[in-house]
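Student: Next come a sequence and a model predicted from it.
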Amino acid sequence: MKHEHNNFERCRELAEQLNDYLDGELPEDLCAELDVHLADCPDCSVVLDTLGRTVQILRKLDIAPPPLPADLEARLLERLISPLG
Ligand SMILES: [Zn+2]
């Protein structure tokens, strides 16, 4: 399979599941799908990494994570995958 970076729609779809994924609330089969995609998609990995670290820090500090805007991940992704300029 060729590595083509043209699955932005897929990225958006998955981005909406990242919160649940981080909360451990995503069903196992969807987690697996997400893992497969993340392994092959640097953009999504960065988003997950950033979100994950933020959530972890807040948890360590025993602060409830503030509610994230529903479209935060999508917007992050949008930025990452937009051509510069
Ligand atoms: Zn992706």
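Tutor: Sure, I can see it.
Student: could you say what helices and strands the worst-scoring helix or strand of the chain on mean pLDDT packs with?
Tutor: Evaluated with mean pLDDT, DSSP states H and E, the helix-and-strand set of the chain has its lowest mean pLDDT in helix 72-81, which scores a mean of 76. With contacts defined as 3 or more Cβ pairs under 8 Å, 6 or more residues apart in numbering; DSSP states H and E, the secondary structure elements packing on helix 72-81 are helix 8-15, helix 42-60. (Glycine included, C-beta is placed from N, CA and C.)
Student: which one of these lies closest to L26?
Tutor: Of all these, helix 8-15 sits nearest to L26, with 10.1 Å by Cβ to Cβ.
Student: list the helices and strands the closest one packs on?
Tutor: Checked by 3+ Cβ pairs under 8 Å, 6+ apart, helix 8-15 has helix 28-40, helix 42-60, helix 72-81 packed alongside it.
Student: residues touching the nearest residue to L77 once chain neighbours are set aside, list them.
Tutor: Setting aside the residues directly before and after it, L77 is nearest to A15 in space (Cβ to Cβ, 6 or more residues apart in numbering), at 5.0 Å. Each residue near A15 by Cβ atoms under 8 Å, 6 or more residues apart in numbering is listed here: C44, V47, E73, A74, L76, L77.
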